[in-house]
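Participant: Provided below are the primary sequence and the corresponding predicted coordinates.
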Amino acid sequence: QVQLVESGGGLVQAGGSLRLSCAASIRTFSSADMNWYRQAPGKEREFVARIRGSGGSTSYADSVKGRFTISRDNSKNTVYLQMNSLKPEDTAIYYCNALWGPTADVRFNYWGQGTQVTVSS
């Protein structure tokens, strides 16, 4: 049973920083592609950042590029999202997502419960 548990959300003023964490109970965590998504009130869930399991390459949504950094610690089965220069439009529930499976050809999506990030102006 895969579980993803996010933490680190909260209320911050515009221009401030937060670091989100996602602890994953994945047997071979290093092989999982890990992602952060977010959903603002009245909007659809959107992609924020990704870090690959193989090679560790990263990618970001244009809206957060240069401000957010995704990283992982495979020894702790944890992925992080460092968020700097936060803006009110970053306010959303942030979800951790894992793409992982028993083989390279059989992989599934897993989601955490989400953590609220609120940026005040």
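Facilitator: It's in. What you see is a predicted model; the values in this text were computed from it and never measured. Residues are numbered from 1 along each chain as shown.
Participant: which residue packs closest to the residue nearest the centre of the chain, ignoring adjacent ones?
Facilitator: By C-alpha atoms, centre = their mean, the chain has its centre lying nearest to Trp36, at 2.6 Å. Excluding the flanking residues, the one nearest Trp36 by C-beta to C-beta, 6 or more residues apart in numbering is Val48, at 4.3 Å. For the C-beta atoms, the positions are set from N, CA and C on the backbone; glycine is no exception.
Participant: list the contacts of that neighbour.
Facilitator: Residues near Val48 by C-beta atoms under 8 Å, 6 or more residues apart in numbering: 35-38, 60-61, 64, 68, 81, 94.
Participant: and it, how far is that from Leu86?
Facilitator: 13 Å (C-beta to C-beta, to the nearest Å).
Participant: so Gly53 makes contact with Met34?
Facilitator: Yes - contact status for Gly53 versus Met34: in contact at 7.3 Å, counting by C-beta atoms under 8 Å.
Participant: comparing these two, which residue is more hemmed in?
Facilitator: Per other C-beta atoms under 10 Å, whichever of Gly53 and Met34 has more neighbours is Met34, with 28 against 20.
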